[in-house]
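>>> Would you be able to build a 3D model of this:
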Amino acid sequence: MIKPQDCVSHDPDLATHNPDLPHIITGERALDAFMAEAKRVARDGFGHLAQFLNAYKYVPDSTPPDDADSAEFAEWQMQLWRTISGRDSYSPEIDERDHNVAVTVDAARHFPYSTNDPSTIGNYFGAIGLIIKALDLRAGDRVVEFGVGWGHTTLNLARCGYKVTAIDIEGNFLELLRLRAERESLNIRAVRGDFLDLPVEEASYDAALFFECFHHCIRFKELIERLRAVIRPGGKIVFCGESFYGEWFDYPWGVRLDGHSVWAIRNFGWMELGFRESYITALLERLDFNVKKIESPVGPIGTIFTATARAR
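From the prediction side, this is the model:
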């Protein structure tokens, strides 16, 4: 993420891009040029694409309302998403799908292996180890994981002996997870749906996990409220690799404007949100969670926030 104070304006011709300086994307023409150049750079590999994207930032032509909890603020953010994505409306069922998932248990080159980047692969699995440590669960405890993707984290949780409920909006991901779990005789409950399709039962959850997915939830306040009702006292929510930033972030919460996020929004239609740590921490504490930040040696992907439910 490029900090606002570091941003300067440069020539919109992205072909003359200087990787040592941040570039500003303004207007539809510059956005199209940015996407075209990103497509070209991607041919050189994942690492080159990441370096390219990290050198850019989008700048809106207006500023949001002051009250981050107002309907007007939320609508401003939705309009910003529409402008960047080029889409008229947002529907998780459509915009958060991934239609390129190979549903075969024999496909050993799923992400992150498919990046061919040792740093990305190592950081990813290092983060999974930190997640298991932060969850601090016992065999038989119940955990719900959102946005399970390729299922690497989910399978490792089940191998630990936890009772796992896996929620994802992409049915192909869940089918892949089913095949992988079946091969090891792991019992994982798969639920296809949005974040708010959390199964609510009399038995409570011991933990909930978001690994690089909470930032896709536009109804994040409602989601946290629902989790508070089903997580037992002493249970926790674990956020890993999420977009929680310092006070320099553009607003208390909203659409991320860094090049990588803009590329993902435009390319896939995904919702890419960011949060100031102070804002998301205050929200969790108002709902009777104790929040702890755990810095990680594997970099930002492994930075963990735990929110432990207080007794009411």
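
>>> Could you verify my assumption that Ala38 touches Asn54?
No: contact criterion CB atoms under 8 Å: Ala38 and Asn54 do not qualify, at 11.3 Å. Glycine gets a C-beta too; all of them are placed from N, C-alpha and C.

>>> Give me the more crowded residue out of the two.
Ala38 (20 against 15; other CB atoms under 10 Å).

>>> Quick check: nearest residue in space to the more buried one, chain neighbours excluded?
Spatial nearest neighbour of Ala38, chain neighbours left out: Trp263 (5.5 Å); criterion: CB to CB, 6 or more residues apart in numbering.

>>> Doesn't that neighbour belong to a helix?
Yes: Trp263: assigned to a helix according to DSSP: H, G, I helix; E, B strand; the rest coil.

>>> Distance of it relative to Glu225?
According to CB to CB, to the nearest Å, Trp263 stands 32 Å off from Glu225.

>>> These two: which is more packed in?
Trp263 (23 against 12).

>>> Return the residues in contact with that one.
Phe34, Met35, Ala38, Leu53 (CB atoms under 8 Å, 6 or more residues apart in numbering).

>>> at 10 Å instead, please
For Trp263, the contacting residues are 31, 34-35, 38-39, 42, 49, 52-53, 56, 58, 84, 272, by CB atoms under 10 Å, 6 or more residues apart in numbering.

>>> Next: Val164.
141-145, 148, 153-158, 177, 181, 186-190, 209.

>>> got it, and Trp76?
Pro60, Ser62, Thr63, Pro64, Pro65, Ser70, Tyr251, Gly254, Val255.

>>> Skip the chain neighbours and tell me the closest residue to the first one.
By that I understand Pro60. Nearest to Pro60 is Leu80, by CB to CB, 6+ apart, at 5.7 Å.

>>> That neighbour against Tyr58, yeah?
Yes: between Leu80 and Tyr58 there is a contact at 8.9 Å, judged by CB atoms under 10 Å.

>>> Mind listing the shared neighbours of those two?
Val255, Leu257, Ile265.

>>> how close does the second one sit to Gln77?
Counting by CB to CB, the gap from Leu257 to Gln77 is 11 Å.

>>> same question, the last one
Computed with CB to CB, the distance linking Ile265 and Gln77 is 12 Å.

>>> higher neighbour count, these two?
Ile265 (25 against 19).

>>> From what I see, that one and Glu96 are in contact.
No: taking contacts as CB under 10 Å, Ile265 lies outside contact range of Glu96: 11.5 Å.

>>> what do those two both touch?
Common neighbours of Ile265 and Glu96 (CB under 10 Å, 6+ apart) are Met271.

>>> and Asn267, that one's in a helix?
Yes: under three-state DSSP, Asn267 sits within a helix.

>>> tally of neighbours for the spatially closest residue to it that is not a sequence neighbour?
With sequence-adjacent residues excluded and distances taken as CB to CB, 6+ apart, Asn267 is closest to Met35, at 7.0 Å. Other residues near Met35 number 16, with proximity taken as other CB under 10 Å.

>>> ok, the contacts of Trp76 vs His110, which is closest?
Closest to His110 out of the contacts of Trp76 is Val255 (28.1 Å), distances taken as CB to CB.

>>> List the beta-bridge partners for the closest one.
Note on Val255: beta-bridge partners Leu273, judged by DSSP bridges.

>>> what number of residues lie near it?
By the measure other CB under 10 Å, the count of residues near Val255 is 28.

>>> Tabulate the shared contacts of Leu80 and Tyr58 (JSON lines), appending distance to Lys292.
Below are these laid out as JSON lines (distance: CB to CB, whole Å):
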{"residue": "Val255", "distance to Lys292": "27"}
{"residue": "Leu257", "distance to Lys292": "28"}
{"residue": "Ile265", "distance to Lys292": "31"}
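
>>> just curious, which of those residues is nearest to Ala309?
Val255 (29.3 Å).

>>> Pretty sure the closest one sits against Phe249.
No: Val255 is beyond contact range of Phe249, at 11.2 Å (criterion: CB under 10 Å).

>>> hmm, back to that, can you name the helix or strand that the residue nearest to Pro60 falls in?
Using DSSP states H and E, Leu80 falls within helix 71-85.

>>> do the same with Glu145
Using DSSP H and E, the element containing Glu145 is strand 142-146.
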